[in-house]
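1. with the input below, show me the fold.
(4 chains)
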There are 2 protein chains.
Amino acid sequence: MAVSSTTDSKITQKNRQVILKAAVQAFAQNGFKGTSLKQIADDAQLPKTNVLYYFPSKQELYLSVLENILHIWNFRFDQATVDDDPATVLADYIAEKMEFSRTQPFASKVFAMEVLNGAENFNSAFLTEHRRWMEERVSVMQQWIEEKKVAPLEPEYLLYHIWACTQHYADFSAQIRGLKGRNMSKKDFKIATNNLVSLILTGCGLTVPDAYRSL
Amino acid sequence: MAVSSTTDSKITQKNRQVILKAAVQAFAQNGFKGTSLKQIADDAQLPKTNVLYYFPSKQELYLSVLENILHIWNFRFDQATVDDDPATVLADYIAEKMEFSRTQPFASKVFAMEVLNGAENFNSAFLTEHRRWMEERVSVMQQWIEEKKVAPLEPEYLLYHIWACTQHYADFSAQIRGLKGRNMSKKDFKIATNNLVSLILTGCGLTVPDAYRSL
DNA sequence: TCAAAAATAGACCAATTGGTCAATTCTATA
DNA sequence: TATAGAATTGACCAATTGGTCTATTTTTGA
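-> As a prediction, this is how the structure comes out:
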């Protein structure tokens, strides 16, 4: 659904992408109910009727946006096993999620707002996959703990904390901008990432890899 | 503004509170634009006209809700000095914020959504106070670091991470519920708090106080 | 007790909303 | 080049929105 099928014409593909891009930003700024089709159409520089030509309804458009986001989300999930080095795996995962927050803040915000509003638009396929992923990660981390490689923290909560911190830089960028007086630069993100990696890895009893050492 | 003035009658005070309570939940679930006065009125079991009798407009009602939240927010900010024990101060602050997430999830969600949507409704007074508070906390933590009591992490980012993790349990409760299959109990919050305290304090090179030890 | 003020409430309004329909223009291909 | 299908577009519609106005009821305090 989310991926444009190959049977679509060039024009359809382009217009659908233009609309989706405008929609992500609009939904991120005003939520589902707060966003009007006119606003999306204006942003996409298309008449409103055209938006409804490419997406049957506002709800369907929103679901497409959401599906795209979840697709990226899952794509980026790591595939670590027990034999990998916990420090490297966790540090890289944190860095990857930070990079997502930096480059795709609107996607993160739409996801956040959907969850905030009750997450009633996630389909059961996503939830199933999400749970399975979680179980597998928890299992790997539990083995790390048994092997005394990682401090005995609940893996489930550790994952929540990693998500919370990394997504915070996208979702709460307005608050950070207010405090800093400016938007976070690429360099700021680098510093934040290293600080976060250091905090969490040290908190887990791990040594911080050299690549994340400068503070 | 947010605090009901003493000149208001009993009826006014009660009705304003009933409306505010309904409004917090409604705004948390649908955002500002997505919430209708009719919905708030129905939740408050009052005719819509009555809501507009107590609050001049939807915008003013929203600002009142926001001001109440910010008031609580600042109220709870700690007042630690250099001479206090970093471990105790940070652990208690984390626990306090977790308790806020547990008992006032809707307030946290409205705050989150306001920031998510650009934080354009925060008045400059809040921003000024927010910045001042931040500077003072950062200053205290920097001195702790200089005295080698705390690991050399950027205080600013450490605070972001504490906010992110603690608020996550309110703002992303729907996601956690989806993964856990149920809402978090009081006991779950206790476990999450101890895990978080352990993670962050250890990450800062501090010893976890006994009160937060059981995992 | 009784009048002034506070509170309640229904009827109503203009603006915006998501969405439909029919007419027109463009594009690909046989 | 002719034509079928794809794409564009403006006119339009019913429903919902925030908000006003006016009339009625309830409460308060001299």
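2. other SSEs contacting the top helix by length along chain A?
-> If you go by DSSP state H, chain A has its longest helix at helix A:10-34. Here helix A:10-34 touches helix A:37-44, helix A:48-54, helix A:58-76, helix A:105-116, helix B:10-34, going by 3 or more CB pairs under 8 Å, 6 or more residues apart in numbering or on different chains; DSSP states H and E. The C-beta positions use only the backbone N, C-alpha and C, and glycine is treated the same way.
3. does any bit of the lowest-mean-pLDDT helix or strand in chain A sit next to DNA strand C?
-> Lowest by mean pLDDT, DSSP states H and E among the helices and strands of chain A is helix A:58-76, with a mean of 89. Yes: counting by CB under 7 Å from any atom of the strand, DNA strand C has neighbours in helix A:58-76: A:58-59.
4. what angle do that helix and helix A:10-34 make?
-> Per axes from the mean of the first three to the mean of the last three CA atoms, to 10 degrees, the angle that helix A:58-76 makes with helix A:10-34 is 100 degrees.
5. tell me if helix A:58-76 is near DNA strand D.
-> No: applying CB under 7 Å from any atom of the strand, one finds helix A:58-76 separated from DNA strand D by no less than 13.2 Å.
6. cool, and stretch A:19-31?
-> No: applying CB under 7 Å from any atom of the strand, one finds stretch A:19-31 out of contact with DNA strand D, separated by at least 9.7 Å.
7. picking up where we left off before, tell me the mean pLDDT over the longest helix of chain A?
-> For helix A:10-34, the mean pLDDT works out to 94.
8. same question for stretch A:96-115.
-> Rounded mean pLDDT across stretch A:96-115 is 97.
9. ok, and does that stretch reach over to chain B?
-> Yes: judged by CB under 8 Å from any CB of the partner chain, stretch A:96-115 and chain B are in contact via A:109, A:112-113, A:115.
10. now swap in stretch A:166-181 and tell me
-> Yes: Stretch A:166-181 reaches chain B (CB under 8 Å from any CB) through A:167-169, A:171-172, A:174-176, A:178-179.
11. drop anything exposed from the residues you listed.
-> For the residues of stretch A:166-181 next to chain B, a burial check counting by 16 or more other CB atoms under 10 Å in any protein chain shown picks out A:167-169, A:171-172, A:174-176, A:178-179.
12. so which of the residues you listed would you say is closest to B:Thr207?
-> Of all these, A:His168 has the smallest distance to B:Thr207: 26.3 Å, by CB to CB.
13. need the helices and strands packed on helix A:10-34 in TSV (columns: mean neighbour count).
-> As requested, these are exported to TSV (neighbours: other CB atoms under 10 Å in any protein chain shown):
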stretch	mean neighbour count
helix A:37-44	18
helix A:48-54	16
helix A:58-76	17
helix A:105-116	24
helix B:10-34	19
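14. output the ones you listed as TSV; include the columns distance to B:Arg131.
-> Shown next, in TSV, are the helices and strands packed on helix A:10-34 (distance: least, CB to CB, whole Å):
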stretch	distance to B:Arg131
helix A:37-44	32
helix A:48-54	41
helix A:58-76	32
helix A:105-116	22
helix B:10-34	24
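15. looking at the ones you listed, which is closest to A:Val138?
-> Closest among the helices and strands packed on helix A:10-34, once you apply CB to CB, is helix A:58-76, at 16.7 Å.
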